[in-house]
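Student: test case, fold it:
(one chain, ligands or ions: 2)
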Amino acid sequence: MKDCKRCGECCKVIPVRLTGMAPETRDWLIAHGAHDDAKREFILIPHTCKNLVETPEEEYPTRCSLHGTSEYPLSCARYHGFGNIYKPPGCGYLGE
Ligand code: SF4
Ligand code: SF4
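Tutor: Ligands and ions are numbered 1, 2, ... in the order given. Next up, the predicted model:
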């Protein structure tokens with residue numbers, strides 16, 4: 001079953017689809033620390049959500065502190081289950 005594993009990997013970058021992006025914009029973002037994803041579909045701007053916290057778990061060293069609480073953003077709950085968005089390697093929605 002495809003589901004969120006709460007690994008937090010998607011909470012460390014802001015993905016922007018490369019399709020339609022001017023080369024100059026991509027170059028500017030790269031110069032400011034962004035990088036392409038493995039499939040070169042997105043440019044990933046490093047940005048870690050303030051709600052991501054470290055854990056003692058070896059498998060998942062970071063977790064969303066709001067997951068499972070009433071403060072968990074609906075946008076986060078809905079965002080990742082849909083098809084045409086960035087999913088990091090190991091994401092539970094990839095079904096690996
Ligand atoms: S990368 Fe996938 S499995 Fe990990 S927190 Fe994000 S949606 Fe969940
Ligand atoms: S609120 Fe939680 S799930 Fe949403 S981006 Fe932040 S750490 Fe990730």
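Student: all contacts plus neighbour counts: C-alpha atoms, from now on.
Tutor: Noted.
Student: in this structure, what helix or strand scores lowest on average pLDDT?
Tutor: Using mean pLDDT, DSSP states H and E, helix 74-79 stands out as the lowest-scoring helix or strand of the chain, at a mean of 82.
Student: so does it get close to ligand 1?
Tutor: No - for helix 74-79, no contact with ligand 1 is found by Cα under 6 Å from any ligand atom; the gap never falls below 8.1 Å.
Student: swap in stretch 53-63?
Tutor: No - using Cα under 6 Å from any ligand atom, stretch 53-63 never reaches ligand 1; the gap is at least 7.8 Å.
Student: export that stretch to CSV, keeping only CA atoms.
Tutor: Provided in CSV are the C-alpha atoms of stretch 53-63 (Å, rounded to 0.1, in the frame of the first residue of the first chain):
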residue,chain,number,x,y,z
VAL,A,53,12.4,17.3,14.3
GLU,A,54,15.2,14.9,15.0
THR,A,55,14.5,11.5,16.4
PRO,A,56,16.6,8.7,18.0
GLU,A,57,15.3,6.3,15.3
GLU,A,58,18.0,5.0,13.0
GLU,A,59,15.7,4.3,10.1
TYR,A,60,13.9,7.7,10.3
PRO,A,61,16.1,10.3,12.0
THR,A,62,13.6,13.1,11.3
ARG,A,63,9.9,13.2,11.8
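Student: fine by me, thanks again.
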